[in-house]
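A.B. asks: compute the structure for the input listed below.
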Amino acid sequence: MVRPFGKTTFTVDVRKSIVRGHEPGAHPKILETQFDCSSSQIYRILKNNRDDDGVVHRQSPGRPRTTSRDMDRNILRACREDPRRTSTDIHVSVTSPNDPGPSRRTIRRRLQVAGLHG
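C.D. replies: Numbering: from 1, shown residues only. All right, here's what the predicted structure looks like:
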């Protein structure tokens, strides 16, 4: 069986089951065949578990998003109400005067991700 190229991410439940499987003394090679992944991934999960005293979901690195899910929903709603609105008009309607909102380019990106091009 050929594995896909690239880093495979595991859910917290799978990582917990790998750690629980290793506690009774199962060799990482057995866990490798059981979970269909490489031994380096098994060793990395076990090492992170030893360092953190538990399996945790670490947040991926990178710049945090400027818009929340609610803001994205409001952007889409404003666009669907009037499809001819520009990103500047949507920016004015979505943001409040006290809170700086996303840029016009960010609004265009959110619309593009939603499949609304224009």
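
A.B. asks: from the chain's centroid, how far away is stretch 20-31?
C.D. replies: Taking C-alpha atoms, centre = their mean, to the nearest Å, one finds stretch 20-31 lying 29 Å from the centre of the chain it belongs to.

A.B. asks: could you find the closest non-adjacent residue to residue 76?
C.D. replies: residue 114 (5.5 Å; C-beta to C-beta, 6 or more residues apart in numbering). For glycine as for every other residue, the C-beta is placed from the backbone atoms N, C-alpha and C.

A.B. asks: what of residue 43?
C.D. replies: residue 28 (6.1 Å).

A.B. asks: for that neighbour, what are phi and psi?
C.D. replies: As for residue 28, its main-chain torsions (degrees, to the nearest 10) stand at phi -60, psi -30.

A.B. asks: any idea how far the residue nearest to residue 76 lies from residue 35?
C.D. replies: Distance, residue 114 to residue 35, using C-beta to C-beta, to the nearest Å: 35 Å.

A.B. asks: so for stretch 15-31, what gets flagged as buried?
C.D. replies: 15, 17-19, 21-22, 28, 31 (16 or more other C-beta atoms under 10 Å).

A.B. asks: output those residues as CSV; include the columns distance to residue 104.
C.D. replies: What follows is those, written out as CSV (distance: C-beta to C-beta, whole Å):
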residue, distance to residue 104
15, 41
17, 46
18, 46
19, 47
21, 51
22, 51
28, 51
31, 50
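
A.B. asks: which among those gets closest to residue 78?
C.D. replies: residue 15 (40.3 Å; C-beta to C-beta).
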